[in-house]
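Participant: Make a model of this:
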Amino acid sequence: KRAYRKVSLLMHPDKAPAEHRGQAEARYKLIQTAFDALSDPFAKLKYDSQIEFDQDIPDDRELARIALTDSDAVQQRNAIPSDLEHDSDYEENVKLFNATGLDHLIHCDEAKFYALFAPYFAAWSRYARGKGIPLLGDEKSSTAHVKKFYASWRKFKSWRLFLHEDDIKDNVMDPSSADNNREKKWMMKENEVLQAPYKKDESVTVQTMVEAAYIRDPRVCRMLKQEKVDFLRDLKDKKDRRRRRQFEREEKERA
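Facilitator: Next up, the predicted model:
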């Protein structure tokens with residue numbers, strides 16, 4: 001409002017020379033129209049939704065370029081501590097471990113992963129409802145941040161409207177013209193129905209990006225691997241304690 005008042009005083013037609021009064025009045029009407037649009041929440045959403053935006057997400061070629069091709073590096077990332085791997089129950093214990101996605105991870109160059117995905121998530125974050133949706137982060141991000149990041153993006157909801165699309169714009173209703181709240185709610189519901197296919201496509205696009213990042217995120221790889229190691233370590237420790245107690249009982253019996 002302060003900016004509008006300042007510009008309004010500065011550009012008022014009365015301050016223009018007589019020979020330019022017509023141009024000044026036309027320009028002043030544009031200023032008023034812009035202010036009216038930005039002052040009305042619905043009109044502002046429509047305006048902001050029409051700002052040009054690249055809706056791309058990483059394509060197959062980009063994803064292929066960040067994948068690790070060094071088999072030794074991949075093997076090193078998958079390596080389990082030798083004492084666990086050589087445990088007699090290792091194969092059976094591995095079958096007991098259940099971590100969604102662990103077997104479907106795609107190992108990537110860490111620096112290239114952040115360089116590829118960070119700009120995409122930053123760009124899409126502009127449409128997140130509310131404030132504070134986390135960004136990708138980097139190799140220094142905590143496990144808590146990584147978990148919060150994927151939990152938040154898997155629930156991503158966009159505020160963007162698609163009422164300007166050519167095939168539906170002629171049927172869009174203006175809630176500000178409603179005679180009462182009941183009619184306003186009905187208009188808004190009808191608008192939601194019109195743009196539902198676009199909202200669905202947007203959601204599918206974002207979730208495709210989220211899952212593509214998740215299965216390639218080196219931090220997720222480390223996190224799931226650590227969960228696997230902790231699980232196997234816990235089973236091995238329990239077995240060692242059972243054996244130790246059994247050995248102590250047998251020693252007492254022999255004594």
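Participant: any idea how far the most centrally placed residue in the chain lies from S125?
Facilitator: Nearest to the mean C-alpha position of the chain, by CA atoms, centre = their mean, lies W153 at 3.4 Å. For W153, the distance to S125 equals 9 Å [CB to CB, to the nearest Å]. Where C-beta positions appear, they are placed from N, C-alpha and C, glycine not excepted.
Participant: Are there residues contacting both of those two? Which ones?
Facilitator: I133 (CB atoms under 8 Å, 6 or more residues apart in numbering).
Participant: With A111 as the reference, measure out to A212.
Facilitator: Applying CB to CB to A212 and A111 gives a distance of 18 Å.
Participant: the more surrounded of the two?
Facilitator: A count of neighbours by other CB atoms under 10 Å puts A212 above the other of A212 and A111, at 20 against 12.
Participant: Tell me the helix or strand right after the helix or strand harbouring the more buried one.
Facilitator: In the assignment (DSSP states H and E), A212 maps to helix 181-214. Using DSSP H and E, the helix or strand that follows helix 181-214 towards the C-terminus is helix 218-254.
Participant: quick one, that following helix and helix 181-214 angle?
Facilitator: With axes from the mean of the first three to the mean of the last three CA atoms, to 10 degrees defining the directions, helix 218-254 sits at 70 degrees from helix 181-214.
Participant: Spell out which helix or strand contains the residue nearest to the centre of the chain, please.
Facilitator: helix 143-154.
Participant: cool, E62 as well?
Facilitator: Under the criterion of DSSP H and E, E62 resides in helix 60-66.
Participant: Can you point out the buried residues in that helix?
Facilitator: Within helix 60-66, the residues that count as buried by 16 or more other CB atoms under 10 Å are 63, 66.
Participant: and it, how far from the chain's centre?
Facilitator: 19 Å (CA atoms, centre = their mean, to the nearest Å).
Participant: on that earlier part again, look at the residue nearest to the centre of the chain and report its pLDDT.
Facilitator: On the pLDDT scale, W153 is placed at 97.
Participant: where's it relative to S203, distance?
Facilitator: Distance from W153 to S203, by CB to CB: 11 Å.
Participant: got it, and K112?
Facilitator: For K112, the distance to S203 - CB to CB - is 27 Å.
Participant: All set now, cheers.
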